[in-house]
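Undergrad: Could you work out the structure for the sequence below:
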Amino acid sequence: MDFFGIGPLELLVIAMVALLIFGPKKLPELAQTLGKTMRSLKDASRDFERDIKREFEPPATTTHSLAALEEEAAIPTAIPAQNPTSVPEPVDLNPHS
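TA: Residues are numbered from 1 along each chain as shown. Coordinates of the predicted model:
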């Protein structure tokens, strides 16, 4: 079982050297700090990868095609008459005067 390309024997040698350098009192604190750092790097890497994938994926919702938009634009809407036959009475905004 390789851990970052390091075999079990190499990992044991690294652990022994770290024990000699940092001592038994400081080693657990160092391991905890290293674990937190590795977790935060892994989370940041996953977030970065997710953001990149989201940017390059096509949108989930489909938009109208150009042909559908042109067809919709070609449908005439109600055109007001040139000469209206009746004009509405003006509304009195001041009924007390």
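
Undergrad: Which is the succeeding secondary structure element to the lengthiest helix in the chain?
TA: The helix that spans the most residues within the chain, counting by DSSP state H, is helix 8-56. Under the assignment DSSP states H and E, the closest C-terminal helix or strand after helix 8-56 is helix 66-74.

Undergrad: list the buried ones in that following helix?
TA: Of the residues in helix 66-74, none has enough neighbours to count as buried (16 or more other Cβ atoms under 10 Å). (Glycine included, C-beta is placed from N, CA and C.)

Undergrad: mean confidence for it?
TA: Throughout helix 66-74, pLDDT has a mean value of 74.

Undergrad: got it, and stretch 13-31?
TA: 88.

Undergrad: what does it contact?
TA: Among residues not part of stretch 13-31, those counted as contacts by Cβ atoms under 8 Å, 6 or more residues apart in numbering are Ile6.

Undergrad: May I have it exported as CSV, CA atoms only?
TA: Extracted as CSV, the C-alpha positions of stretch 13-31 are listed here (Å, rounded to 0.1, in the frame of the first residue of the first chain):
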residue,chain,number,x,y,z
VAL,A,13,11.9,5.5,8.4
ILE,A,14,10.4,8.9,8.0
ALA,A,15,8.4,8.4,11.3
MET,A,16,11.5,7.3,13.1
VAL,A,17,13.5,10.4,11.9
ALA,A,18,10.6,12.7,12.9
LEU,A,19,10.5,11.0,16.3
LEU,A,20,14.2,11.7,16.7
ILE,A,21,14.1,15.3,15.5
PHE,A,22,10.9,16.5,17.3
GLY,A,23,10.7,14.1,20.3
PRO,A,24,7.8,12.2,21.7
LYS,A,25,6.1,15.2,23.3
LYS,A,26,6.0,17.4,20.2
LEU,A,27,5.2,14.7,17.6
PRO,A,28,1.5,14.3,18.3
GLU,A,29,1.0,18.1,18.0
LEU,A,30,2.9,18.1,14.8
ALA,A,31,0.9,15.1,13.4
